[in-house]
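Asks: Give the three-dimensional model of this entry:
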Amino acid sequence: MFEKLNIMRMSQAMTSHASTRHATIAQNIANADTPGFKARDVAEFSETFRDQGSSPLRATRASHLSAGEAHYAATLIMDGTRGALSPNGNSVSLETELMRAAETRHQFDTAISIYKSSLNILRTSIR
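Replies: Numbers count the residues shown, from 1 in each chain. Predicted coordinates:
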C-alpha cells in the first residue's frame with residue numbers, strides 16, 4: 001500500500017540514484033592511475049526520474065511481468081566536464097571526485113530525511 005505513494009517512490013529513487021553515483025565515483029577514484037581511463041558520472045536525478053516516470057508500462061496480458069511496478073535505473077554517462085588529461089590519458093580529477101562524493105552524500109541524506117518525514121506523517125495520520 002505505501003509503496004504506491006509517489007513521495008515514497010521518489011525518495012527510494014533518490015537513494016538508488018545516490019548509491020549508483022557513489023559507486024561510479026568510487027570506480028573513478030580506484031582507476032585514477034589507470035592509463036587511458038575516462039571518468040564517468042551518472043545523469044542528473046531530475047532528468048532521469050522525469051524520463052522514467054512519464055510512460056509507465058501497462059500489462060495487456062496476464063503473463064506480463066510486474067508491469068505496474070516502476071523501478072528506477074540511473075543512466076551512466078561519460079563525463080565530458082573534465083579539464084586537461086593527464087600524460088597517460090586519464091581524465092580523473094581526485095578533487096572533483098571528492099566534491100561529487102560530498103554532493104552525493106548530501107543527496108542521500110536528503111532522500112532519507114524525506115522518507116523519514118513521510119513515515120512520520122503517515123504514523124500521525126493513522127493515529
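Asks: per-residue confidence for residue 121?
Replies: In this prediction, residue 121 carries a pLDDT score of 90.
Asks: And it, how far from residue 115?
Replies: Taking CB to CB, to the nearest Å as the measure, residue 121 falls 11 Å from residue 115. From N, CA and C alone the C-beta is placed, and that goes for glycine too.
Asks: Comparing those two, which residue is more hemmed in?
Replies: Remark: of residue 121 and residue 115, residue 115 carries more neighbours, 17 against 11, as counted by other CB atoms under 10 Å.
Asks: And the biggest helix by length in the chain, what does it pack against?
Replies: If you go by DSSP state H, the chain has its longest helix at helix 94-126. Where contact means 3 or more CB pairs under 8 Å, 6 or more residues apart in numbering; DSSP states H and E, helix 94-126 is packed against helix 6-30.
Asks: can you give me the mean pLDDT across the helix or strand just after the helix it packs on?
Replies: Later in the chain than helix 6-30, the nearest helix or strand by DSSP states H and E is strand 40-42. Here strand 40-42 scores 88 as its mean pLDDT.
Asks: if we can go back for a sec, and the longest helix of the chain, how far out from the chain's middle?
Replies: 12 Å (CA atoms, centre = their mean, to the nearest Å).
Asks: got the angle between that helix and helix 6-30?
Replies: Going by axes from the mean of the first three to the mean of the last three CA atoms, to 10 degrees, helix 94-126 is angled at 160 degrees with respect to helix 6-30.
Asks: Could you list the buried residues of helix 94-126?
Replies: Using 16 or more other CB atoms under 10 Å as the test for burial, helix 94-126 gives 96, 97, 100, 101, 104, 107, 108, 111, 114, 115, 118.
Asks: could you dump these to CSV with distance to residue 48 and pLDDT?
Replies: Below are the buried residues of helix 94-126 laid out as CSV (distance: CB to CB, whole Å; pLDDT from 0 to 100):
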residue, distance to residue 48, pLDDT
96, 21, 90
97, 20, 92
100, 16, 93
101, 19, 95
104, 14, 95
107, 13, 94
108, 16, 95
111, 14, 94
114, 17, 93
115, 19, 92
118, 21, 90
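Asks: is it possible to export those residues to CSV including distance to residue 6?
Replies: Converted to CSV, these look like this (distance: CB to CB, whole Å):
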residue, distance to residue 6
96, 33
97, 33
100, 28
101, 29
104, 23
107, 18
108, 20
111, 14
114, 11
115, 13
118, 10
